[in-house]
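[1] coords please:
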Amino acid sequence: MVSRAEIDRRYQNIRAALEAAKLDALVVSGSQYTGFEGAVRYVSGFEIVHRYVYVLIPLRGDPLLVFPTEARWIGDKKKPWVQEHIWAQVPGEWLRDHAAQQGWKRLGIYGLDYIMTVRDYRALSAGAVELVPFDYEFDLARAVKSPEELEAIRDSMSIIVDGFYALLEAYEPGKTEAEIMAPAVELFFARGAGPRMMNIVLSGTHGEAEAHFKVPGHRRVSPDDLLLYSLELAGAEGYWVEFSRPIIRGEPSARSGSTWPEARRRNGRTCPALAIVMRCRRVSRRRQAAVAKVSSGASSNMERDSSASSSAGVRPASARRRRSVATRDMTSAAATPLPDTSPMATVTWPGCGRSAWMRSAKLASVPCSASMLIAHAKGCRPCFNTSRDFLVKIGMDDAELTHMCEAPMALPLPERERRFVEFTLRVARDPGGLKPADFREMERAGFKKDEILEMIGVAGYWALATTVSSALEAGLREE
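    Model prediction:
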C-alpha cells in the first residue's frame, strides 16, 4: 500500500514539472496493453484490468479518474486513492469540455502518441486548448525512486529470481519450452504478479539461439538447445523488472562461446553472472562423495543432492583445466578440483536467502568472494580452493583474485557488494572487535537488519567451515 507521504511526493514532482513547462494540467493515459498501464497506477492507485482510463492532474486541485462508460464493471474502483471518478461516453469530449470550463490554455498529455485512443484525441484536439506531449517530462519526474519504491522493486526482483530457480529446477531435455517455463509462471502468480508479466524465450539448436523472442510453445528441447528465457513481470506494487540467463545441457557452439570475452568486456568483470551460460548436468554420487571427502565437507554444502541440475560458466580453455591455485601467501601442489557442479545457479548459500537483495546477489560473486577471503585469512586450503575455482568458473581471472587476497580492503566490486564482503570478512576475523557504531554505519549505508544478519550468517558459517576443514585435513594428512 502506497503511503500518503509517497503519494504527496509524486504529485509534488509532477506539478513542479507542469509549472516549469507552463501547463495548466496533465492527462495521464493508460491502457490494458502491457507496459501502458503503469503510469495510471503510479498517479492514482488504480490497476487497469481491461479497456483504458485517464487520470487528470490539475496544477492546483485534486486529481480525478476519467473512465469510458463501457469500463464501469472492470477493475476495483475502491482501490485507488483518487476517489473522484468520471464516466464518459467519449472521455476526450469530457476532457475537452472540462478544460474549456476551467479556462485552461495548455494541457500536457502523457501517452499522446502511443496510448491515447484515436476517438479521444479527435475529440480533445477539436477544442481550443493546446495539447502538449509530456512523456519525457513525466518520466523524468518519476525517475528518481524513493526508499518506499525501491523496496517494492526489490520485492518484484525477489519474485523473478525465485521464479528463475523454479524454472531451472524444472529444466530437462525432452520437455517442451512451455513445460520448462510453467513452474516459474506458477510461482509468479502465487506471489502476486497476476497478469502483469511477459515471459518469452530465445531458443535454437546446435548450441545457438535464434535472434528473436517468441512465446514458449510445444517444441521439445534437446540437450544442445540453447535457451534464454526472458522473465519479465511487475510485483504486487506494480514495479516492472526483467531477468534472464542462458541455459544449455550440452555444449554451446563455437560461435556462442566466442561471445564470452566480449560479454565480459561489455558487462565488466564485477558482473560476470550476466554472461554465464549454464551447462546443466547430472553429477554422480561417487564424484560428490570424493569431493566431499577431500574438502572435508566444505564443498558439499555448495551443492544440492546428486540428482540436482548444475551449472558451469563458459570460460577460456585455460580456465577449464584442473590446476593448482596459488597466491603469495598460500600455495597448493594439488588443488582440490571442483566437480562439474558450480553453485552459480543451484546453490543456496549458507546464511543467505532471506532478503530480496541477497537472493539476487547470490547469482553473482559476492558471497563466494567473502568465503574466499575468509578462507585465505584463516589459511584453509580446501575452502579457499573451492571458492577461488568457482570465481574462476564465472569469469574472474587469477590476477584479479590474487589482488583481492593481497588487498582485501580495496576490492574491485561495486560499492554495495564491496561493503558486504568487507563487513563479512571483518565479522569472521574479529567479531569481538565490532562496536554498535559499526552496525549503525552499515544501516546508514543502506543495509537492512536482515541483510546485516545474513552477513553475520555467512561469516559464521565459513569461520566454522574453515576451522573444521583445516582440522580434518591436518588429521588426515599423511606423514
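
[2] can you pull the buried residues of the biggest helix by length in the chain?
    Using DSSP state H, we find that the single longest helix of the chain is helix 449-476. Residues of helix 449-476 classed as buried by neighbour count (16 or more other C-beta atoms under 10 Å): 451-452, 454-463, 465-466, 469-470, 472-473. Where you see a C-beta, it was placed from the backbone N, CA and C, and this is true even at glycine.

[3] Without its sequence neighbours, what residue ends up closest to Trp240?
    Closest residue in space to Trp240, ignoring its immediate chain neighbours: Ala234 at 4.6 Å, by C-beta to C-beta, 6 or more residues apart in numbering.

[4] Confirm for me that that neighbour is in contact with Ala193.
    Yes: in this structure Ala234 lies within contact range of Ala193 using C-beta atoms under 8 Å: 6.5 Å.

[5] Give me the distance between Met442 and Leu150.
    Counting by C-beta to C-beta, to the nearest Å, the separation of Met442 from Leu150 is 17 Å.

[6] circling back to that earlier point, output the contacting helices and strands for the longest helix of the chain.
    Secondary-structure packing of helix 449-476 (3 or more C-beta pairs under 8 Å, 6 or more residues apart in numbering; DSSP states H and E): helix 356-361, helix 366-378, helix 381-393, helix 415-429, helix 436-444.

[7] Could you tell me the average pLDDT over the fourth one, please?
    Helix 415-429 shows an average pLDDT of 84 in the prediction.

[8] you'd agree Ile247 is in a helix?
    No: counting by DSSP: H, G, I helix; E, B strand; the rest coil, one finds Ile247 to be strand, located in no helix.

[9] Pairing-wise in the sheet, spell out the partners of it.
    Counting by DSSP bridges, Ile247 is bridged to Leu227, Met278.

[10] Per-residue pLDDT of it, please?
    With respect to pLDDT, Ile247 scores 90.

[11] Repeat that for Gly111.
    pLDDT at Gly111 comes out at 94.

[12] which residues does it contact?
    Val28, Ser29, Gly30, Phe36, Ala39, Asp135 (C-beta atoms under 8 Å, 6 or more residues apart in numbering).

[13] For the fifth one, which non-adjacent residue is closest in space?
    Pointing back at Ala39 there. Residue nearest to Ala39 in three dimensions, not counting chain neighbours: Val28, with 5.1 Å by C-beta to C-beta, 6+ apart.

[14] average pLDDT for the helix or strand where Arg255 lies?
    Using DSSP states H and E, Arg255 sits within helix 254-257. Across helix 254-257, pLDDT averages out at 84.

[15] Mind listing what's buried along that helix?
    For helix 254-257, burial by neighbour count (16+ other C-beta under 10 Å) applies to Ser256, Gly257.

[16] Ramachandran angles for the residue nearest to Trp240?
    phi -120, psi 130 (degrees, to the nearest 10).

[17] Many thanks, we can stop here.
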